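Undergrad: Okay, sequence plus prediction incoming.
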Amino acid sequence: TMNSFEFAAAELPKFVEIIKNKDWVYFGEDNLWPQHLIDMYNYSSLNRTCIDAKVDGTNGKGLLTEDESDTNRLYMANSMESVYDVYKKCALDLVLFGGFAMNVIWKNDRSLGIAEIYHMDFSKLRAGKSDDFDVVNEYYYSADWSSLRKYPPKVLPSFNINNEGASQVYYHKPYTPDQSYYPNASYLGSSTAIQLDIEIKRFHLNNIQNSLNPSLFISMNNGIPSAEERESIFKHLEGRYSGGNNAGSLFLSFAEDKEHAPEVTPISNNGSDSYYSTINDSVQNSILTGHRISSPLLLGIQRPGALGGRQELLDSAEHFLNLVVKPIQNEILSVFEKLLFMRDGEPIDIIVEQNQIIEEESKTE
């Protein structure tokens, strides 16, 4: 007997905004798009390295103010965290998800301004439906959107000095055409390559763990046993000979006579492993391009045969700082300057003390 298999085309999660008969708008087809981004962050080493490099650059060495007398205004954002602590969490969310959120607590007398500012996990928020003026007046928070019975969403008003409620959600979403509720991750165009990077690693792992499958074709020529017997034989062979430690093991067969001996046919390697190795460079280039990283040297990746030195590293770092890092910093700082102005009643100019990819050498006369 022979079994046939139908192979369906791979379908990756898609970023969409879907309005259903719920109070909130779906973030992705299954309302779990942020979790898909987290999975790509956790399981693609290159994608994680790119994101961490952008976040580290955005964080810099710390926050300073143009006027040194304003430095004390950065000490505490709430009873437990400094402004820099909250800033770093927002930086990770902005790079990973494309947006960030904060919980703003007003003073009892609204005219006295903001009391405290907390970071909110961006992946746990969903937007309510907008009003006639395309304004979202409320957001929904759940600790786990895949288990709403256990974690029912709680509604919170959006940030607005005219909205009621002492606890509000400041939801930062950069403008994107044809999107009203949720932001795009800047590397969305390379999401297929990121998923492919994960699958390539998974392919090689499975290839090692199941080394029996591509090596031998075993045909038992002594009749067709029952389904239970076929399953028992298959599990025995799989358990005995599969796995990385059993590659090249001896297969010993016993039969009543030569006519009923099983046929063992080696299957030559079809070259699929080298194929995946070949496209790995293309995948790497796609991921780096999606993150706007011009040189892999910034990530500590040295390509074989490529000439790279100190000057190339410095040029790449300057390009990365000016075209990638600083725009992210300015986007976050503009929000913090606004909120601190509403908290303290005075304007503030915040700057980031930038990292140096190569520390300046001490100069001697």
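TA: Arrived safely.

Undergrad: middle-most residue in this protein, spatially?
TA: residue 41 (3.0 Å; C-alpha atoms, centre = their mean).

Undergrad: tell me the SS of that one?
TA: Under the three-state scheme (DSSP: H, G, I helix; E, B strand; the rest coil), residue 41 adopts helix.

Undergrad: Looks like it contacts residue 50 (just checking).
TA: No. Judged on C-beta atoms under 8 Å, residue 41 makes no contact with residue 50 at a distance of 9.7 Å. (C-beta placed from N, C-alpha, C; glycine too.)

Undergrad: can you list the weak-confidence ranges in this structure?
TA: For the chain, applying pLDDT under 70 flags the ranges 1-11, 207, 209-224, 237-277, 303-308, 358-365.

Undergrad: how about the strands in it?
TA: In the chain, the strands defined using DSSP state E lie at 17-19, 25-27, 62-65, 100-106, 114-120, 125-127, 138-141, 154-157, 167-172, 216-219, 263-266, 350-353.

Undergrad: Distance to residue 334 for the ones you listed - can I get that in CSV?
TA: As requested, the strands of the chain are arranged in CSV below (distance: least, C-beta to C-beta, whole Å):
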stretch, distance to residue 334
strand 17-19, 25
strand 25-27, 24
strand 62-65, 14
strand 100-106, 12
strand 114-120, 15
strand 125-127, 20
strand 138-141, 21
strand 154-157, 22
strand 167-172, 9
strand 216-219, 63
strand 263-266, 65
strand 350-353, 9
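
Undergrad: Could you find the closest non-adjacent residue to residue 319?
TA: In space, and not counting its chain neighbours, residue 319 is closest to residue 294: 5.4 Å by C-beta to C-beta, 6 or more residues apart in numbering.

Undergrad: The nearest residue to residue 332 once chain neighbours are set aside: what's it in contact with?
TA: Using C-beta to C-beta, 6+ apart and skipping the chain neighbours, the partner closest in space to residue 332 is residue 90 (5.6 Å). By C-beta atoms under 8 Å, 6 or more residues apart in numbering, residue 90 lies in contact with 100, 102, 119, 172, 332, 335.

Undergrad: run the last query once more with 7 Å
TA: Residue 90 makes contact with 100, 102, 119, 332, according to C-beta atoms under 7 Å, 6 or more residues apart in numbering.

Undergrad: how far is stretch 160-174 from where the chain is centred?
TA: 26 Å (C-alpha atoms, centre = their mean, to the nearest Å).

Undergrad: So for it, what gets flagged as buried?
TA: Neighbour-count burial for stretch 160-174 flags 168, 169, 170, 171, 172, 173 (criterion: 16 or more other C-beta atoms under 10 Å).

Undergrad: before we move on, what about stretch 17-31?
TA: 24, 25, 26, 27, 28, 31.

Undergrad: give me phi/psi at the last one?
TA: Meaning residue 31. Residue 31 adopts backbone torsions of phi 70, psi 20, taken as degrees, to the nearest 10.

Undergrad: shouldn't it be in contact with residue 147?
TA: No. Using C-beta atoms under 7 Å as the test, residue 31 is too far from residue 147 to be in contact (11.9 Å).

Undergrad: Restrict stretch 69-88 to CA atoms and write it as CSV.
TA: Provided in CSV are the C-alpha atoms of stretch 69-88 (Å, rounded to 0.1, in the frame of the first residue of the first chain):
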residue,chain,number,x,y,z
SER,A,69,19.3,72.6,36.0
ASP,A,70,16.6,70.4,34.5
THR,A,71,18.5,67.1,35.1
ASN,A,72,16.6,66.4,38.3
ARG,A,73,13.3,66.3,36.3
LEU,A,74,14.6,63.0,34.8
TYR,A,75,15.1,61.2,38.1
MET,A,76,11.7,59.7,38.6
ALA,A,77,8.8,59.0,36.3
ASN,A,78,6.8,57.1,39.0
SER,A,79,7.3,55.8,42.5
MET,A,80,9.6,53.0,41.3
GLU,A,81,11.2,54.0,37.9
SER,A,82,13.3,56.8,36.5
VAL,A,83,12.4,58.5,33.2
TYR,A,84,15.3,56.6,31.6
ASP,A,85,13.8,53.3,32.9
VAL,A,86,10.5,54.0,31.2
TYR,A,87,12.3,55.3,28.1
LYS,A,88,14.2,52.1,27.6
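
Undergrad: Give me the neighbour count for residue 283.
TA: The local packing of residue 283 (other C-beta atoms under 10 Å) involves 22 other residues.

Undergrad: and if you look at residue 113?
TA: Neighbours of residue 113 under the rule other C-beta under 10 Å: 16.

Undergrad: That one is in contact with residue 343, isn't it?
TA: Yes. When contacts are counted by C-beta under 7 Å, residue 113 is listed as touching residue 343 (5.2 Å).
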